[in-house]
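1. next input, structure requested:
(one chain, ligands or ions: 1)
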Amino acid sequence: MRVDIVSIFPEYFAPLDLSLIGRARANGTLRLAVHDLRGWTHDVHRTVDDTPYGGGPGMVMRPEPWGEALDALTPAELPPPRLLVPSPAGVPFTQALAHELAAEPHLLFACGRYEGIDQRVLDHAATRMPVTEVSLGDYVLFGGEVAVLVILEAVTRLLPGVLGNAGSLTEESHAHGLLEAPMYTKPATWRGLPVPEVLRSGDHGRIARWRRDEALVRTGRRRPDMLAGLDPQSLDKRDVAA
Ligand SMILES: N#Cc1c(N)n[nH]c1-c1ccc2c(Cl)cn(Cc3cccnc3)c2c1
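-> Residues are numbered from 1 along each chain as shown. The predicted structure follows:
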């Protein structure tokens, strides 16, 4: 997968040299490049923002540098990338969308700041590539960079070979519409607190049932909205009893 990121704070993405993303870059699974939007400005002050038409607080990012940046990163001889634009007004970022993005050959992230990017940048881009405005959730950030770090981590871990134990993808929270069950490791008792006996029983059927039950109970208590969205086909009669 090829990933291009455009931002006025390219240094925000230094952490992408670390850990599993760093390894994915080193082994070619992920080809990532970060670009400074100011590289597409032409004035001495390298201006990327201006006052909003119609008045209002703050500044808006000018369309010209963005237009030149997106042109430079979407050469006509290559298939167009999918443009991802973090925005408070975006669609919710979900594990399902992470899977969708993990299947894309080329992602292009536009990290805005100030009050946002001139809408015409997105409208013009949409004439030549798929554009998705995406939000991490109902809270407010300073800009798109942190959102891109989150999205990129969620997507990269789904790429083949990135996670050593691909099995963990099938058991983690949100992988099957439920929150994952509690996890334990040695010692068997810690500060007087024992590991649930079933997990030390060696009975894999009982263990799977216990984990399913715990996941259902935990999801019902913490995220009833997820239960409501669960595919009834994925439940069996023992779940109903749980
Ligand atoms: N994704 C996401 C997301 C989220 N969940 N919260 N805030 C954001 C986000 C993403 C992109 C930008 C850009 Cl560009 C500028 N700002 C600051 C801002 C603050 C209030 C109103 N308008 C803009 C951004 C906030």
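
2. regarding the protein, what is its longest helix?
-> The single longest helix within the chain, with elements called by DSSP state H, is helix 204-222.

3. these two touch, right, residue 163 and residue 21?
-> No - if you go by Cβ atoms under 8 Å, residue 163 and residue 21 don't touch, sitting 11.6 Å apart. (C-beta placed from N, C-alpha, C; glycine too.)

4. I'd like the next helix or strand past the longest helix of the chain.
-> helix 224-228 (DSSP states H and E).

5. what is that following helix packed up against?
-> Secondary-structure packing of helix 224-228 (3 or more Cβ pairs under 8 Å, 6 or more residues apart in numbering; DSSP states H and E): helix 204-222.

6. dump the C-alpha coordinates for the helix it packs on into CSV.
-> Taking Å, rounded to 0.1, in the frame of the first residue of the first chain, the C-alpha atoms of helix 204-222 are listed here in CSV:
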residue,chain,number,x,y,z
HIS,A,204,-11.0,-25.0,24.9
GLY,A,205,-14.8,-25.3,24.4
ARG,A,206,-15.5,-24.0,27.8
ILE,A,207,-12.9,-21.3,27.4
ALA,A,208,-14.5,-20.1,24.1
ARG,A,209,-17.9,-20.1,25.7
TRP,A,210,-16.7,-18.2,28.7
ARG,A,211,-15.0,-15.6,26.5
ARG,A,212,-18.1,-15.2,24.3
ASP,A,213,-20.3,-14.8,27.4
GLU,A,214,-17.9,-12.2,28.9
ALA,A,215,-17.8,-10.4,25.6
LEU,A,216,-21.6,-10.2,25.4
VAL,A,217,-22.0,-9.1,29.0
ARG,A,218,-19.2,-6.5,28.7
THR,A,219,-20.7,-5.2,25.4
GLY,A,220,-24.2,-5.0,26.8
ARG,A,221,-23.0,-3.0,29.8
ARG,A,222,-20.5,-0.6,28.0
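
7. ok, and what's touching it?
-> For helix 204-222, the surrounding residues in contact (Cβ atoms under 8 Å, 6 or more residues apart in numbering) are 171, 178-182, 196, 198-199, 201, 226-227, 238-239, 242.

8. can you check stretch 64-80 too?
-> Contacts to stretch 64-80, defined as Cβ under 8 Å, 6+ apart, come from residues 4, 6, 35, 37-41, 48, 81, 83, 105-106, 108, 110, 117-118, 121, 124-125, 128-130.

9. circling back to that earlier point, which of the contacts of helix 204-222 are buried, as a ChimeraX select command?
-> Of these, the buried ones go into a single ChimeraX selection, burial set by 16 or more other Cβ atoms under 10 Å:
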select :178,179,180,181,199,239
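
10. now, the most widely separated pair of the contacts of helix 204-222?
-> Greatest spatial distance in the contacts of helix 204-222: 201 and 226, 28.4 Å, computed using Cβ to Cβ.

11. stretch 137-148 near the ligand anywhere?
-> Yes - judged by Cβ under 6 Å from any ligand atom, stretch 137-148 comes into contact with the ligand through 137, 139, 140, 141, 142, 143, 144, 147.

12. neighbour count added to these, as a markdown table?
-> Converted to a markdown table, the residues of stretch 137-148 next to the ligand look like this (neighbours: other Cβ atoms under 10 Å):
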| residue | neighbour count |
| --- | --- |
| 137 | 11 |
| 139 | 7 |
| 140 | 7 |
| 141 | 13 |
| 142 | 9 |
| 143 | 18 |
| 144 | 29 |
| 147 | 24 |
